[in-house]
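Visitor: Quick check, what structure comes out for this input:
(one chain, ligands or ions: 1)
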Amino acid sequence: MGCDRVNNCQTALIANGFKVYLAKDRQQARRVFFEKIFPDHKSDLISWADSLTMEATGVLADLQADPTLNRINTFDATAKRGEIVERRRQALLADLFLTGTNAITSCGKLVNLDMIGNRTGAISFGPKKVVLFVGRNKIVHTLEDAFDRIRNHAAPLNAKRHNMATPCAQTGRCHDCRSPQRICNTWSILDKCYPSERISVVLIDEDLGL
Ligand code: SF4
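Guide: As a prediction, the model looks like this:
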């Protein structure tokens with residue numbers, strides 16, 4: 001299973017201390033999570049950050065539908081903004097934190113860009129374990145390719161998706177704006193996973209997310 005690009009990325013991630021699960025598609029990624037990862041965390045405090053890839057696997061819907069789950073819902077549409085910010089602060093102390101990544105270089109570095117920093121922060125430090133759901137389209141060659149992918153592809157589409165009044169939402173390219181709704185404020189680059197295997201990457205051989 002898997003193209004060379006996915007397999008080579010898996011090898012590089014493992015060499016950098018990340019734990020890697022391969023999935024041939026989003027359905028298998030969901031099974032991987034619930035059969036291989038979740039059983040060790042059923043009673044843990046779980047939270048998550050924005051990730052279309054995680055949503056596409058169905059994992060988020062399943063977790064939200066589980067009344068027994070000890071969770072912090074940081075995307076509760078019924079909660080006020082102040083409450084959401086407070087929940088995102090609390091989520092930094094979750095036992096298990098789920099999200100995606102904006103890019104992975106072919107040598108196994110994770111690259112992310114956040115508006116607030118709740119996702120980049122949690123990926124770097126705080127939650128005991130982190131699971132990232134990642135489609136093959138996030139694999140790029142170099143760090144420069146990762147920056148370009150994020151600035152001129154993922155960020156403009158995310159700005160548009162969240163109805164932000166930014167120039168990129170209109171043009172599809174980054175203008176390094178000064179908009180109050182700028183979604184690009186905090187970069188993170190993970191060269192290695194520390195402690196080793198704190199972060200699991202579910203690498204999916206399918207194009208998913210932005
Ligand atoms: S810096 Fe501004 S223009 Fe550039 S991608 Fe981010 S929000 Fe869009």
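Visitor: Now for the residue nearest in space to the middle of the chain: which residues touch it?
Guide: The centroid of the chain falls nearest to Gly100 when counting by CA atoms, centre = their mean (1.5 Å). By CB atoms under 8 Å, 6 or more residues apart in numbering, the residues touching Gly100 are 51-54, 132-134, 138, 209. C-beta here means a position set from N, CA and C on the backbone, and glycine is covered the same way.
Visitor: and it, how far is that from the ligand?
Guide: Between Gly100 and the ligand the distance is 18 Å, computed by CB to the nearest ligand atom, to the nearest Å.
Visitor: go on, His153?
Guide: For His153, the distance to the ligand - CB to the nearest ligand atom - is 9 Å.
Visitor: Tell me the secondary structure at that residue.
Guide: helix (DSSP: H, G, I helix; E, B strand; the rest coil).
Visitor: Name the nearest residue to it, ignoring sequence neighbours.
Guide: Leu210 (7.1 Å; CB to CB, 6 or more residues apart in numbering).
Visitor: rewinding a little: now intersect the contacts of Gly100 with the helices, please.
Guide: 52-54 (DSSP state H).
Visitor: quick one: what helix or strand has Leu22 in it?
Guide: strand 19-23 (DSSP states H and E).
Visitor: helices or strands next to that strand in the packing?
Guide: helix 4-15, helix 26-32, strand 199-204 (3 or more CB pairs under 8 Å, 6 or more residues apart in numbering; DSSP states H and E).
Visitor: just checking, next helix/strand downstream of the second one?
Guide: Under the assignment DSSP H and E, the closest C-terminal helix or strand after helix 26-32 is strand 46-48.
Visitor: Let me know the average pLDDT across that following strand.
Guide: The pLDDT scores in strand 46-48 average 98.
Visitor: how distant is that strand from the center of its chain?
Guide: On the basis of CA atoms, centre = their mean, to the nearest Å, strand 46-48 sits 12 Å off its chain's mean C-alpha point.
Visitor: What is that strand packed up against?
Guide: helix 59-64, strand 71-72, helix 81-91, strand 96-100.
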